[in-house]
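S.K.: With the input below, show me the fold.
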Amino acid sequence: MHPGPSEAEIIGESALRYAVPDQSSSSPAPVLAGSYRERLLNYLVARMRSSLELQTILDTAVQELCSVLGADRTVIYRFDKGWRGQVISEALSENTTSVLGRIGSDNCFPQEYAWRYRNGRVRAIADIQDAGLDPCHVDFLNQHHIRANVVVPIFQGSALWGLLVAHQCHVRQWSTDETELLSAVAEHLSVAIRQAYLLKQVRRQAEREQLLLDITQQLRSTLDLETILSTATVRSRTALRVDRVVAYRLKASGGTCCSESVGVGYPSLLHQSYGPECVPEAYLEFYWSGRVKAISDLAAVDLSPCHMQMLDIGQIRAFLVVPVLSGGKLWGLLAAHQCDGPRDWQEEDITLLKTVGEQVGIALEHAELLSQSLGHQVLLEEQNAELQKARLAAEESSRLKSEFLTTISHELRTPLNGIIGTMELVRSECEDNPDQWDLLTMGLSSADELLRLVSNILDMSKIESGPIGITYERVDLERLVKEVVALFEIQARQKSIKLIVDVPSILSVHADEQRLHQVLTNVIGNAIKFTHTGHVIVRAMPCAQTRHLNLEIQDTGIGIAPEHHSQLFQPFVQVDGSSKRRYGGTGLGLAISKELIEQMGGQIQLSSLGEGQGTCVSIVLPEAAARG
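M.R.: Modelled structure (predicted):
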């Protein structure tokens, strides 16, 4: 079920039925008087308000008025700045010629007419032949068979915007009600035009804001210089509706057009350059300060010959130029050109292009930072490659060194074992000669020490190559400790040092006996080496709760400052160079001992109160047990 017609529609149809005069008669139209005229006006206004588009509103107004008034033609004529104008909307009766788009001449529109309409006067003419009109104007009206007309001004604020005109092709007396209806419609048209203009502004602003958002997002989505500049010029030309937008790169040597978007039919300025004479210091300072230059008509300004030549090449009539600042420096310029004539640059034009210039500057700065970052990354990669190369060379050198040490250690151990075996054989035959026995014993002790050093070097090479094989067995700890201590008895006796063993005879440990022997030899040997007086105590204490063995080697030697404790388990390290020169050794003993103990699942630590306070080395081994 369709809704019924509104009151305004009923009134409108009624008006059309009774108000339209008989076109075959010269009698006047019925009077549109009183409340009926008001209701008819409401209908016309409602029809005009059914659209927000200005052209639709104007077309609706002239069509409805043409029907209501029974006129042959109803038009809306709009003025330009020079009092010329154009028919922009028209409604016709049957067999009436069109004047739509016709441009009126200012010669046929005397100043007295303009004065009349600017002051709000309405002119109703029943017969143009008797109205005393300007002959040029009468000729214009005759060309279009106009015999009578009503002309009502349309205002925007206090300015005359245009005219609402009803034409009759025969003599007609216009009633006051008809002229008042036209005047009332003209007033509503003024409001509609204003609203349409505001709506256009809002739409234009929304469109520009969306375009600006799109431009900003596009600029931020790339760090490629060519893409950044192309996006800025193409989208700015679309947004500003200009003939050309260019990006200039400024340097001390001049400027170059490095990106361009230009309309069809206009010359390209891409890659055009100009020298330093076109870029004076004041010119650079002007734009570096962030200022904008907007020229509406080049014919009205005085520019340098250099600039005029460049503008002539581009057929430029008006231009808008904004700076592109990047990293606090003037990178270049973004310029909009109007080539088809002068242009009054609006504040919104300036704001849009300036904002685009700012976004281009930010994008260029990001691109430069990325370029620097990539440069640093390339440099870092090159440095890393060099470091990798050096590391591989060092590893190869270390491998060759380890192979050499392993080889030389094997080569040294063979003759040393022969020397030791020979000396032991000779010593066995000198039991009746104490002096020779002692000399041979000292020689054997030195040979054993040398063999131990060679073995340490060999073991360190093995450790650097990977874990050493551990062979676990149940070890009689007391026996093992006494065997190691016996190796140092002569050395201790010569230094008047007491060697004290405090290891329970029933105690055993699950370990590699050969490697544990090596560790004890290193640690006890160090204790005797760095002790000049007093004693060296070797004690063992089982822990019932953890089943661990706590083994301590404590001396009254030179001691170690606390800040040096952590260094002593590193290969080839002694407290200082003087210790190495004074006491000898390679600095491998504790490092090897630490690796061996840890591979057996234990721990080794060193403690000392300081220099002259002695040292205690603590070894913890798992799975201590009473020997059954």
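S.K.: From here on, just use CA atoms for contacts and neighbour counts.
M.R.: Noted.
S.K.: Can you tell me the element residue 415 falls in?
M.R.: helix 347-428 (DSSP states H and E).
S.K.: Check residue 91 too.
M.R.: Per DSSP H and E: strand 85-92 holds residue 91.
S.K.: What are the buried residues along that strand?
M.R.: For strand 85-92, the buried set under the neighbour-count rule, 16 or more other C-alpha atoms under 10 Å, comprises 85-92.
S.K.: neighbours around residue 321, how many?
M.R.: 23 (other C-alpha atoms under 10 Å).
S.K.: Chain neighbours aside, what residue packs nearest to it?
M.R.: Spatially, and ignoring its direct neighbours in sequence, residue 321 is nearest to residue 335 (4.3 Å; C-alpha to C-alpha, 6 or more residues apart in numbering).
S.K.: In three-state terms, label the one you found for me.
M.R.: Classification of residue 335 using DSSP: H, G, I helix; E, B strand; the rest coil returns strand.
S.K.: Check it and give its pLDDT.
M.R.: Here, the pLDDT recorded for residue 335 equals 95.
S.K.: so what's it up against?
M.R.: 245-248, 319-322 (C-alpha atoms under 8 Å, 6 or more residues apart in numbering).
S.K.: let's go with 10 Å and repeat that
M.R.: Contacts were defined as C-alpha atoms under 10 Å, 6 or more residues apart in numbering; by that measure residue 335 touches 233, 236-237, 244-248, 260, 292-294, 319-323, 353-354, 357.
S.K.: Which strand residues bridge it?
M.R.: residue 246, residue 321 (DSSP bridges).
S.K.: sorry, back to before: buried subset of the contacts of residue 335, written for PyMOL?
M.R.: Buried members of the contacts of residue 335 can be picked out in PyMOL with the line below, counting by 16+ other C-alpha under 10 Å:
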select buried, resi 233+236+237+244+245+246+247+248+260+292+294+319+320+321+322+323+353+354+357
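S.K.: Pull out the buried residues from stretch 468-477.
M.R.: 475-477.
S.K.: Of those residues, which is the nearest to residue 450?
M.R.: Using C-alpha to C-alpha, residue 477 comes nearest to residue 450 of those, at 25.4 Å.
S.K.: Just give the closest residue to that closest one, not the sequence neighbours.
M.R.: residue 508 (5.1 Å).
S.K.: what about residue 188, neighbour count?
M.R.: The number of residues near residue 188, taken as other C-alpha under 10 Å, comes to 19.
S.K.: if I pick it, what's in contact with it?
M.R.: Residues near residue 188 by C-alpha under 10 Å, 6+ apart: 41, 44-45, 48-49, 61, 154, 182, 194.
S.K.: That one: which element?
M.R.: Residue 188 belongs to helix 176-220 when elements are defined using DSSP H and E.
S.K.: Which is the succeeding secondary structure element to that helix?
M.R.: Counting by DSSP H and E, the next helix or strand C-terminal to helix 176-220 is helix 225-240.
S.K.: what's that next one packed up against?
M.R.: helix 176-220, strand 244-251, strand 254-262, strand 329-338, helix 347-428 (3 or more C-alpha pairs under 10 Å, 6 or more residues apart in numbering; DSSP states H and E).
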